[in-house]
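[1] This is a predicted model, with the sequence first.
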Amino acid sequence: MAADPEGRWIVYSAHIPVNTSGLFKLELSNDRIDTLRTGCRVYLDQPAVSRDGRRIAARGLCRDRNTDDYRIYVAAADGSGLHAVSGSDRARDEMPDWSPDGRQIVFQRIRGSLSEAVAELTIQDLDAGAGRRLTRGYWPVWSPDGQWIAFLYSSGGRDDQTLRVIRTNGMDERVVFQSKERGTYSRGWGPMAEGLPSGPLVWSPDSRWIAFTRAFDVGSSVWRVDVNSNRVLQVTAPDR
């Protein structure tokens, strides 16, 4: 789900029989729930609200059920005017997030088969209609000051999932968190990695901190990291 920046409503996706999904809008002042009449006939989920609250971006499969070519769609906050802003044959576009000025969207583009999938971050310029590859990674989130994009990265190994940031021009990519912990539970090939970062990723309003989840054998907890110093603080329990 995603929230209106002014805290008036929440948009979320829900399953609709048979085997479809759509977007719903919950008004927080009166608990009213409306179905957004987007016109997408198959799937529409992973919503993200623009910083001015006027538009919604989402992952969609709106043309053909017999394909995996998910695209990023944009609609007005009431669901009208739905249109695709990305698209690539033999690729899946997912997890959109808005730039602060509402002129660009960053998302993950997944290419290849399930066993050999490669996730790339792409920035789509909504005015020019052009997209550009940023780097390898997934679950991107734009910082409120517009300078950075936080994301997760894994080369495919068991223990190498990291939280990273990169400038919107593709420069200064760096790791801000990597778990060094190992658990006592193993599956025949040694202790499993614990405390790996996972999404959703949430920036603080001043673009100083990123909140994220870490998973341990006994449960998950929320943590935050200072993007300047890489200092990590635990927010909730349990941690082990």
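    All right, it came through fine.

[2] could you say what helices and strands the helix or strand where Ile210 lies packs with?
    Taking DSSP states H and E as the definition, Ile210 sits inside strand 209-216. Applying 3 or more CB pairs under 8 Å, 6 or more residues apart in numbering; DSSP states H and E, we find strand 209-216 packed against strand 162-167, strand 196-203, strand 219-226. Just so you know, the C-beta spots here come from the backbone N, C-alpha and C atoms, and that holds for glycine as well.

[3] for the ones you listed, which one ends up most surrounded?
    strand 162-167 (a mean of 20; mean count of other CB atoms under 10 Å).

[4] so what secondary structure elements neighbour that one?
    If you count contacts as 3+ CB pairs under 8 Å, 6+ apart, strand 162-167 packs onto strand 148-153, strand 174-178, strand 196-203, strand 209-216.

[5] cutoff 6 Å now
    strand 148-153, strand 174-178 (3 or more CB pairs under 6 Å, 6 or more residues apart in numbering; DSSP states H and E).

[6] what comes into contact with it?
    Here strand 162-167 makes contact (CB atoms under 6 Å, 6 or more residues apart in numbering) with 135, 148-151, 153, 173, 175-178, 197, 212, 227.

[7] what mean pLDDT does it have?
    Averaging pLDDT along strand 162-167 yields 97.

[8] circling back to that earlier point, and which of the contacts of strand 162-167 is nearest Ala75?
    Nearest to Ala75 out of those is Ile149 (CB to CB; 23.1 Å).

[9] Looks like the closest one contacts Trp139 (just checking).
    No: between Ile149 and Trp139 there is no contact under CB atoms under 6 Å: 10.4 Å.

[10] Going by neighbour count, which residues in stretch 72-79 are buried?
    Going by neighbour count (16 or more other CB atoms under 10 Å), the buried part of stretch 72-79 is 72-75, 77, 79.

[11] re the thing from before, between the helices and strands packed on strand 209-216, which gets nearest to Gln234?
    strand 219-226 (5.4 Å).

[12] That closest one packs against which elements?
    strand 209-216, strand 232-234.

[13] and the first one, which residues are buried?
    For strand 209-216, burial by neighbour count (16+ other CB under 10 Å) applies to 209-214, 216.

[14] Next: the last one.
    Counting neighbours by 16+ other CB under 10 Å, one finds that the buried residues in strand 232-234 are Val232.

[15] Would you mind pulling the contact partners of that strand?
    By CB under 6 Å, 6+ apart, the residues outside strand 232-234 that reach it are 223-225.
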